[in-house]
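**Student:** need a 3D model of the following:
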Amino acid sequence: MSGMMYALIVIAVIVLFVITTYNKLVALRNRFKNAFAQIDVQLKRRYDLIPNLVEVAKGYMKHEKDTFEAVVNARNSALSASNQAAQNPGDPDAMKKLGQAESNLGGALGRLFALSEAYPDLKANANMMQLSEELTTTENRVAFARQAFNDAVMAYNTARETFPAVVFAGALGFREAQLFAIENEAEKIAPKVSFT
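**Tutor:** Next comes the predicted model:
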């Protein structure tokens, strides 16, 4: 074989490798974007439950206006952050803002539930019990979806950072994706929503 033939074979192998690497990274990126979509579905469900929960609680807790406003504001901030993160789930800034917004929402909900303990009639309300049960179920689904997302991000980041893919990943537009983490250790625990 001539030198020209060897050069063509080497070029073909390199091109094939770049194509394979590109396709693998695209598949992994799509996997973590899909995983975030699952989080997004659960977060939106959670955000939809919160106004109903606040409305039920308002009837019993008439003197807790500041708490209700804090929950609604935290919910709106979290919804906005979720919408931004959904546009680009790998964006580190968007994921950090979402984590902070979720942390704030968890804190506001925790304060609401702590205050509700002082209202026995509210704790016994069937709507409140149903909403709190749905919220607890949704919190569990969010946690599960967050774990699946973080696993997918980890697989993607590992693939793009290992040799020889790391040589091509940056040039092909594959940036590091951010895990979905909640900053405040106390907020990593789902708020207690049991009214029984």
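**Student:** and the helix-or-strand element of the chain with minimal mean pLDDT, how far out from the chain's middle?
**Tutor:** When each helix and strand of the chain is scored by mean pLDDT, DSSP states H and E, helix 120-124 comes last, with a mean of 80. Distance of helix 120-124 from the chain centroid (Cα atoms, centre = their mean, to the nearest Å) equals 32 Å.
**Student:** where in this protein is pLDDT low?
**Tutor:** Within the chain, the stretches with pLDDT under 70 are 1, 183-196.
**Student:** quick one: the helices in it?
**Tutor:** Taking DSSP state H as the test, the helices found in the chain are 3-58, 65-87, 92-116, 120-124, 126-161, 165-169.
**Student:** those into CSV, with extra columns for mean neighbour count and distance to I182?
**Tutor:** (C-beta placed from N, C-alpha, C; glycine too.) Converted to CSV, the helices of the chain look like this (neighbours: other Cβ atoms under 10 Å; distance: least, Cβ to Cβ, whole Å):
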stretch, mean neighbour count, distance to I182
helix 3-58, 16, 12
helix 65-87, 17, 11
helix 92-116, 20, 5
helix 120-124, 14, 27
helix 126-161, 18, 9
helix 165-169, 16, 28
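**Student:** so which of those helices gets nearest L179?
**Tutor:** Nearest to L179, of all the helices of the chain, is helix 126-161, at 4.9 Å by Cβ to Cβ.
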